[in-house]
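S.K.: Need coordinates for the following:
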Amino acid sequence: MAFITETRTYGITLAQRFATLRANFAAARAQRKIYTTTVVELENLSNRELADLGLNRSSIKSIAFEAAYGN
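M.R.: All right, here's what the predicted structure looks like:
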């Protein structure tokens, strides 16, 4: 039978993991806000204003997604 006589913890601490998790949530929230703001602003434009920009209503969500997430 094997016994562990010594345990060591290397790397990231629990506090660092929590801080990273908070930072990831904050980044996701900021991206979501950019997406939502972009959708609302584009939806508030008239059809003529969208046409002047070379856009149509069906592409609003994909444009907002690209603005927020860069894909």
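S.K.: buried stuff in stretch 17-24?
M.R.: The neighbour-count criterion (16 or more other CB atoms under 10 Å) identifies no buried residues in stretch 17-24. C-betas here are computed from N, CA, C, even on glycine.
S.K.: chain center to that stretch: distance?
M.R.: 14 Å (CA atoms, centre = their mean, to the nearest Å).
S.K.: What strand or helix carries residue 68?
M.R.: Taking DSSP states H and E as the definition, residue 68 sits inside helix 60-69.
S.K.: Convert that helix to CSV, retaining C-alpha atoms only.
M.R.: Only the C-alpha atoms of helix 60-69 are listed here, as CSV (Å, rounded to 0.1, in the frame of the first residue of the first chain):
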residue,chain,number,x,y,z
ILE,A,60,-28.3,43.9,-37.2
LYS,A,61,-27.7,41.0,-34.8
SER,A,62,-24.8,39.6,-36.7
ILE,A,63,-23.2,43.1,-36.9
ALA,A,64,-23.7,43.6,-33.2
PHE,A,65,-22.2,40.1,-32.5
GLU,A,66,-19.1,41.0,-34.6
ALA,A,67,-18.8,44.3,-32.8
ALA,A,68,-18.9,42.7,-29.4
TYR,A,69,-17.0,39.5,-29.9
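S.K.: For it, buried residues please.
M.R.: So for helix 60-69, counting by 16+ other CB under 10 Å, buried means 60, 64-65, 68.
S.K.: Tell me the spacing between residue 32 and residue 57.
M.R.: Using CB to CB, to the nearest Å, one gets 21 Å for the distance from residue 32 to residue 57.
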